[in-house]
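Here is my input, please return the structure:
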Amino acid sequence: MRAVVVRSHGGPEVLVAEELDRPEPGPGAVLVDVAAAGVNYIDTYHREGVYPIPTPFTLGLEGAGTVAALGEGVTEFAVGDRVAWASAIGSYAQQVAAPAAQLVPVPSTVDLEIAAGAMLQGMTAHYLTASTHPIAEGDVALVHAAAGGMGLLLTQMIKARGGRVIGTVSTAEKEKLAREAGADEVIRYTEQDVAQRVRELTDGVGVHVVYDGVGKDTFDASLASLRPRGLLALYGAASGAVPPFDAQRLNAGGSLFLTRPSLGHHTATREELLWRAGEVFDAIQAGELDIAIGGRYALDSARQAHEDLQGRRTTGKLLLTTS
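Modelled structure (predicted):
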C-alpha cells in the first residue's frame with residue numbers, strides 16, 4: 001500500500017509517499033481501506049515534532065473508509081462496514097489498522113469523504129459549543145479564522161443553538177464564506193483592530209466566549225474581547241504556542257475564564273465518542289451542517305496540502321484521497 005511517511009521531523013518537505021507493507025490488525029483492531037484522510041493542524045505538530053512521535057511513522061489521525069479485515073476479538077464491526085475515526089495514527093495511507101474502539105459507524109447517506117472531513121473538526125466544534133461553553137440563546141461568540149474548516153463548523157453550530165457570531169478573517173473571499181455559514185458580523189483582522197471592533201459591535205460589553213484555534217497571534221485580542229466572566233476557549237495554536245502570562249490578567253479583565261481543551265478528553269468514553277459523532281452525522285443528514293471541502297490532494301501531494309494549510313491559503317476542510 002501507499003502511505004505518507006515521516007522519517008525525520010521537519011517542515012512539509014519531509015512528507016514522502018512510499019510503498020509499505022499492508023498493516024495487520026492486532027487484537028481489538030480493524031484494517032480499513034481508507035477512502036480519504038483529513039488534514040489537520042495537529043498533523044503539522046506531529047510532523048514538526050512539537051508533539052513528538054518516534055520516527056519513522058505514517059502521519060495522520062483522521063479518516064473514513066471501509067472495513068477490510070478484523071483483528072481478534074472485534075465483534076462490533078464486520079467486513080464491508082463504513083467507518084470513520086478521529087484518532088488513529090497512520091491515516092495518511094491507503095490502509096490503516098485502527099483500534100475498533102476509535103471507530104464509529106458512518107450512516108449510509110453520508111459520503112465517506114464528508115465523513116472523513118467531519119470527524120476531528122466536527123466533534124471539536126461540538127464539544128466547544130455543547131460542553132466547553134454551552135451556547136445559549138442570545139450568547140455572543142467570537143470565532144477566529146471563521147472561514148477555515150473549524151471556523152465554518154463553529155459558526156454553524158453556534159447559530160443552530162441561537163447564538164450570535166462575530167468572525168475574524170483576512171480577505172473579502174473569506175468574509176463571504178463566513179457570512180454564508182451564518183456569521184452575523186465579520187472583522188477583517190488585516191484591516192481592523194479586533195478587540196476594538198468587538199467592543200463596537202457589542203455596545204462596549206464584549207462577547208460571552210471566544211473560540212480561538214490560532215493561539216499566539218490572537219491571544220491578547222481574545223482576552224480583550226471578553227465581557228466580565230467571559231470564557232476564552234483556546235483549542236489550538238496555529239500561529240504558535242501562547243507564551244506564559246500573568247494570571248492576574250484574568251482578574252483585571254473581569255474575572256475571566258481560560259481553558260485549553262482537547263478532543264481526547266471529550267471523547268474519553270465509547271459512549272461520549274458515539275454521542276458526539278452521532279450528533280454531527282445527524283446534523284449533516286438533516287442538512288443543518290455543511291462540511292465544506294476546501295481542497296482534495298493525492299497522497300503524493302501531502303507536502304503541498306501542509307504548505308497550503310500553514311500558509312493560510314485554504315478555506316474549509318482539506319482531504320487526502322487514496323484513489
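
OK, contacts around residue 220?
residue 195 (C-beta atoms under 8 Å, 6 or more residues apart in numbering). Every residue, glycine included, has its C-beta placed from N, CA and C.

okay, it: pLDDT?
pLDDT, residue 220: 97.

Using the three-state scheme, assign it.
helix (DSSP: H, G, I helix; E, B strand; the rest coil).

what about it, distance to residue 186?
20 Å (C-beta to C-beta, to the nearest Å).

what's the helix or strand for the most centrally placed residue in the chain?
Geometric centre of the chain, nearest residue: residue 121, 2.9 Å, by C-alpha atoms, centre = their mean. Taking DSSP states H and E as the definition, residue 121 sits inside helix 112-127.

now swap in residue 264 and tell me
Using DSSP H and E, residue 264 falls in helix 263-266.

Now do the next helix or strand after that helix: which elements does it pack against?
Downstream of helix 263-266, the first helix or strand assigned by DSSP H and E is helix 270-285. On a contact count with 3 or more C-beta pairs under 8 Å, 6 or more residues apart in numbering; DSSP states H and E, helix 270-285 meets strand 103-105, helix 112-127.

need the strands for the stretch 201-323 of the chain, in chain order.
207-212, 226-234, 257-259, 293-298, 317-321 (DSSP state E, counting those that start in this stretch).

on that earlier part again, may I see the buried residues of the helix holding residue 264?
Residues of helix 263-266 classed as buried: 263, 266 (neighbour count, 16 or more other C-beta atoms under 10 Å).

Could you do stretch 87-98 as well?
Using 16+ other C-beta under 10 Å as the test for burial, stretch 87-98 gives 87, 88, 90, 91, 92, 93, 94, 95, 96, 97, 98.

With just CA atoms, put that stretch into PDB.
Extracted C-alpha coordinates of stretch 87-98, given in PDB (Å, rounded to 0.1, in the frame of the first residue of the first chain):
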ATOM      1  CA  SER A  87      -7.700   9.400  16.400                       C
ATOM      2  CA  ALA A  88      -5.900   6.600  14.500                       C
ATOM      3  CA  ILE A  89      -2.300   7.400  13.800                       C
ATOM      4  CA  GLY A  90      -1.200   6.300  10.300                       C
ATOM      5  CA  SER A  91      -4.300   7.600   8.400                       C
ATOM      6  CA  TYR A  92      -2.300   9.200   5.500                       C
ATOM      7  CA  ALA A  93      -2.400   5.800   3.800                       C
ATOM      8  CA  GLN A  94      -4.400   3.500   1.600                       C
ATOM      9  CA  GLN A  95      -5.000   1.300   4.500                       C
ATOM     10  CA  VAL A  96      -4.800   1.800   8.300                       C
ATOM     11  CA  ALA A  97      -5.000  -0.600  11.300                       C
ATOM     12  CA  ALA A  98      -7.200   1.300  13.700                       C
END
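
I'd like the average pLDDT over that stretch.
97.

likewise stretch 265-282?
98.

can you give me how far that stretch is from the chain middle?
15 Å (C-alpha atoms, centre = their mean, to the nearest Å).

Which residues does that stretch contact?
Here stretch 265-282 has contacts from 84, 86-87, 101-102, 104, 106-107, 110, 115, 118-119, 122-123, 126-127, 130-131, 289, using C-beta under 8 Å, 6+ apart.

Which among these count as buried?
Taking 16+ other C-beta under 10 Å as the criterion, what is buried in the contacts of stretch 265-282 is 84, 86-87, 102, 104, 106, 110, 115, 118-119, 122-123, 126-127, 130, 289.

Around residue 45, count how many other residues there are.
15 (other C-beta atoms under 10 Å).
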